[in-house]
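*Asks:* Pasting the sequence and the predicted model now:
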Amino acid sequence: MLTLTALLHEPVLDVEGRPIGHARELIADAGASPPVVTGMIVGGRRVALGTATPLTAGDAVPRGDLLLVRDLLDVQVLDRSGRHRGRVGEVELGRGSEGALVVSAVETGLRPVLARLGLRRLARRAPADRIPWAHLHPQVGRAHAFSAELHDPPRRFHRVMRARRRPPR
């Protein structure tokens, strides 16, 4: 499984195999379903995926209006009834039908946050919910929120009993 944060730590190489820096952002085409990664931002410059050379004014800018780090990481996910399902801690990437890199799912919960902080041993025991991209929809009228077509409670609440209120003394 390829993840967004792991990909951001890998060096980007030019066509001759020389490192040109690290990707700060991935650009995806939000018009496709699932979104197809078309480019990246390396050192403040847009780079088309597959070329690894900075684009000049005459070059075609990678199409897409979804910046994966800015628009997905740490964004709220709400279920159909408007309850908070967590924040996106990781974006899973996969290969599409034509071999292109696509967004396949997001992961919410404590596990991706701990992994991003470098606490991998602790992250293995932490809870997480994986939500496929097909179940996510941008929230209309709310900045940085997605709604999910899920009715079941988050996995981390399955075995938690509801606390009983004590009467006041």
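*Replies:* In hand now; what should we look at?
*Asks:* isn't V47 right up against D14?
*Replies:* No: in this structure, V47 is not within contact of D14 by C-beta atoms under 8 Å, at 9.3 Å. Using the backbone N, CA and C atoms, a C-beta is placed for each residue, glycine as well.
*Asks:* Comparing these two, which residue is more hemmed in?
*Replies:* V47 (23 against 15; other C-beta atoms under 10 Å).
*Asks:* which residues in this structure form strands?
*Replies:* 2-3, 11-13, 19-29, 36-42, 45-48, 66-67, 76-78, 84-95, 101-109, 128-132, 136-138, 145-148 (DSSP state E).
*Asks:* In a markdown table, list those strands along with mean pLDDT and distance to R121.
*Replies:* Shown next, in a markdown table, are the strands of the chain (pLDDT from 0 to 100; distance: least, C-beta to C-beta, whole Å):
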| stretch | mean pLDDT | distance to R121 |
| --- | --- | --- |
| strand 2-3 | 88 | 17 |
| strand 11-13 | 83 | 26 |
| strand 19-29 | 87 | 25 |
| strand 36-42 | 88 | 30 |
| strand 45-48 | 82 | 34 |
| strand 66-67 | 86 | 31 |
| strand 76-78 | 84 | 26 |
| strand 84-95 | 89 | 17 |
| strand 101-109 | 91 | 17 |
| strand 128-132 | 89 | 15 |
| strand 136-138 | 79 | 30 |
| strand 145-148 | 70 | 29 |
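*Asks:* Relative to L119, which of the ones you listed is closest?
*Replies:* For L119, the closest of the strands of the chain is strand 84-95, at 12.5 Å, according to C-beta to C-beta.
*Asks:* State the paired neighbours of that closest one in the sheet, together with their directions.
*Replies:* strand 2-3 (antiparallel), strand 76-78 (antiparallel), strand 101-109 (antiparallel) (DSSP bridges).
*Asks:* just checking, P112 touches R130?
*Replies:* No: the criterion here is C-beta under 8 Å, and P112 misses it with R130 at 9.9 Å.
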